[in-house]
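Asker: Generate coordinates for the sequence data below:
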Amino acid sequence: MKSAFAIGPVALTSLVQAFPTPENLANLAGHDGELPDSFLEKIAEINDNQKRSLFDPLAEPIQIHGAHEFRAPNFAKGDTRGPCPGLNALANHGYLPRSGVAGFFEVIEGINSVFGMGVDLATILSTMGTVGVGNPLSLKPGFSIGGESRKSQNPLGNLLGLLGTPQGLDGSHNWIEADSSNTRDDLYVTGDASTMNMELWTQVYESILKNGPMDIDMMGDRAAERYHKSVATNPQFWYGPYTGFIVRNAGFAFSARLLSNHSAENPYGGDLNKETLKAFWGVCEDDSGYFEYKKGWERIPENWYRYNGQYGLVNLNLDLVRFITHHPELANIGGNLGGVNRFAGVDLEDLTGGVLNAASLLEGNNLLCFSLELVKTFAPNSLSGLFRTLAKPLKLVNDALLDPLLDLNCPAFDALSKGGDDIIEGLMEKFPGAKKSGFAL
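Answerer: Here you go, the predicted model:
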């Protein structure tokens, strides 16, 4: 489970109301049988479970024994693991299917119950994975947390218009996975953005040895460091308005907030120390101090306590604001123009037809409106090569994520809504990294 534009404080009450609710998500149930009739009840059940749960995150560590004991993936039998340490760990402990192919609801429940991610935020991530690199037309909609898997296919999906095999998160470049991540290489530099780079991991480990457990500000520093490294080494670096700022930077925030150990000693800030870093990133250490990375072996540490509360959209917004406040360079849409250190930005006023600029983006709900409008506008172009007809996938995106825009009193982004194809084609023509992936989000 990484893109950039200027950001400031958002009206948090409106932000909470802007994302999926049981009523909005219930619209997904009208997919001619692909999604269960009990969709509304299921989302309501997940929300109720997290609100009424007797589980005390301050008193009880996450269970990692019995049914949730660690089991390494069996790649020979088709298990799959990918670029997201958290999802890999959930599968290895049976909180997601151990095969690595997870259902839409399973992803929401898993990351909510184990990590404390809010249902609102978890629903967005599961929706983007299912629509972009999974199988929304399946009897059991979902996606692979790694690469292609025959378990993501079924006859119903193909009959209803799925073109080819779903790619999984390994194939989500510039849709979910993005350049300049914490411990993975840029895809168009090495050809592999899924396998962890031990040199990058060691940089984080040594930072912990020097400065103590990794907190949110240290993770923001790391996000800026990796950004500059990609500008200097990746000719096709792309830092899009959704995958760069929202998804890419969220990955750094999730590491500090959701993978930290929130024990009684560190109940709120969490403790991302060297032992927790080794466990969640699949690194083993022998008696001589030698580190070995075992791909796909991410695990939940012993006596690990989850985030105390629900880390939702409001929390993520505050952390991203914090990143940008300390590192303004993280607020630039754009990319390299076919050479290193050739970063070119995208003018926000041009992109929005003069509706927004760097200053007005900080006002009210404008940041939220802009980012969601981009996803809504660019989705048809981005998904056109994945499905024979787009009606059902786009209904999923619109119903689950974008209907709430009506409640936000958003400005009219005519330049986006009337010329979405022209805009995305223009970005892909200008920026080689966006063009190569086929996604400019």
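
Asker: Would you map the strands across this structure?
Answerer: 101-103, 142-144, 238-239, 283-285, 291-293, 334-336, 343-345 (DSSP state E).

Asker: ok, and the closest non-adjacent residue to Ile64?
Answerer: Nearest residue to Ile64, sequence neighbours excluded (CB to CB, 6 or more residues apart in numbering): Ile300, at 5.0 Å. Quick note: C-beta positions are derived from backbone N, CA and C, even for glycine.

Asker: go on, Met117?
Answerer: In space, Met117 is closest to Ile111, 4.6 Å off (CB to CB, 6+ apart).

Asker: and that neighbour, how many residues sit next to it?
Answerer: Neighbour count of Ile111, defined by other CB atoms under 10 Å: 28.

Asker: Repeat that for Gly296.
Answerer: Residues within reach of Gly296, counting by other CB under 10 Å, total 22.

Asker: What does it show for phi and psi?
Answerer: phi 80, psi 10 (degrees, to the nearest 10).

Asker: hang on, the earlier thing: contacts only, for the residue nearest to Ile64.
Answerer: Ile62, Ile64, Phe70, Ala89, His93, Val114, Ala279, Phe280 (CB atoms under 8 Å, 6 or more residues apart in numbering).

Asker: quick one on the thing from earlier: now the residue nearest to Met117: how far from Asn357?
Answerer: 35 Å (CB to CB, to the nearest Å).

Asker: Please apply the same query to Ala102.
Answerer: Distance check for Ala102 against Asn357: by CB to CB, it reads 40 Å.

Asker: For Thr233, grab the count of nearby residues.
Answerer: 15.

Asker: In the stretch 101-250 of the chain, where is pLDDT below threshold?
Answerer: 152-164 (pLDDT under 70).

Asker: Please, where are all the helices along it?
Answerer: Here the stretch 101-250 of the chain has its helices, by DSSP state H, counting those that start in this stretch, at 104-115, 119-133, 155-159, 187-190, 198-211, 216-233, 249-258.

Asker: out of these, which comes closest to Gly338?
Answerer: helix 187-190 (11.0 Å; CB to CB).

Asker: Now the buried members of the contacts of Ile300.
Answerer: Buried members of the contacts of Ile300, counted by 16 or more other CB atoms under 10 Å: Ile62, Ile64, Ala89, His93, Val114, Ala279, Phe280.

Asker: so what's the third one up against?
Answerer: Put plainly, it is Ala89. With CB under 8 Å, 6+ apart, Ala89 has these contacts: Phe280, Glu298, Arg299, Ile300.

Asker: confidence score at Thr377?
Answerer: The per-residue pLDDT reported for Thr377 equals 70.

Asker: just to revisit the earlier point, distance to Ser180 and mean neighbour count added to the strands of the chain, as TSV?
Answerer: Output for these, formatted as TSV (distance: least, CB to CB, whole Å; neighbours: other CB atoms under 10 Å):
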stretch	distance to Ser180	mean neighbour count
strand 101-103	26	25
strand 142-144	23	28
strand 238-239	7	32
strand 283-285	21	15
strand 291-293	20	14
strand 334-336	11	27
strand 343-345	12	15
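
Asker: nearest to Ile208, of those?
Answerer: strand 283-285 (12.5 Å).

Asker: Now that closest one: average pLDDT?
Answerer: Here the average pLDDT along strand 283-285 is 97.

Asker: Partner strands of that strand, with direction?
Answerer: As defined by DSSP bridges, the strand partners of strand 283-285 come to strand 291-293 (antiparallel).

Asker: quick one: contacts for Ala193?
Answerer: With CB under 8 Å, 6+ apart, Ala193 has these contacts: Pro83, Asp170, His173, Glu177, Ser181, Arg184, Asp185, Asp186, Leu187.

Asker: Who wins on neighbours among those residues?
Answerer: Greatest neighbour count in the contacts of Ala193, by other CB under 10 Å, goes to Pro83: 28 neighbours.

Asker: now it, nearest residue through space, not along the chain?
Answerer: Spatial nearest neighbour of Pro83, chain neighbours left out: Ser194 (4.7 Å); criterion: CB to CB, 6+ apart.

Asker: Test my guess that the one you found contacts Asp170.
Answerer: Yes. Taking contacts as CB atoms under 8 Å, Ser194 lies within contact range of Asp170: 4.8 Å.

Asker: So for those two, which residues contact both of them?
Answerer: Gly82, Pro83, Gly146, Gly147.

Asker: which two in those residues are spaced the farthest apart?
Answerer: Pro83 and Gly147 (10.2 Å).

Asker: Overlap of the contact sets of these two?
Answerer: Asp170, Ser194.

Asker: Asn88 and Asn266: what is the separation?
Answerer: Asn88 is 24 Å from Asn266, by CB to CB.

Asker: Comparing the two, which residue is more hemmed in?
Answerer: Using other CB under 10 Å, the more surrounded residue of Asn88 and Asn266 is Asn88, with 28 against 17.

Asker: contacting residues for that one?
Answerer: Arg81, Gly82, Gly100, Ile145, Gly282, Gly296, Glu298 are the contacts of Asn88 under CB under 8 Å, 6+ apart.

Asker: How about Lys274?
Answerer: Contacts of Lys274 by CB under 8 Å, 6+ apart are Tyr205, Ile208, Leu209.

Asker: how deep is the first one tucked in, by neighbour count?
Answerer: For Tyr205, the neighbour count with other CB under 10 Å is 18.

Asker: Relative to Glu275, how far out is the residue of the chain most remote from its centre?
Answerer: In the chain, counting by CA atoms, centre = their mean, Ser288 sits farthest out from the average C-alpha position, at 36.2 Å. Remark: distance between Ser288 and Glu275 (CB to CB) = 17 Å.

Asker: that older thread, what is the nearest of the contacts of Ala193 to Lys435?
Answerer: His173 (12.1 Å).
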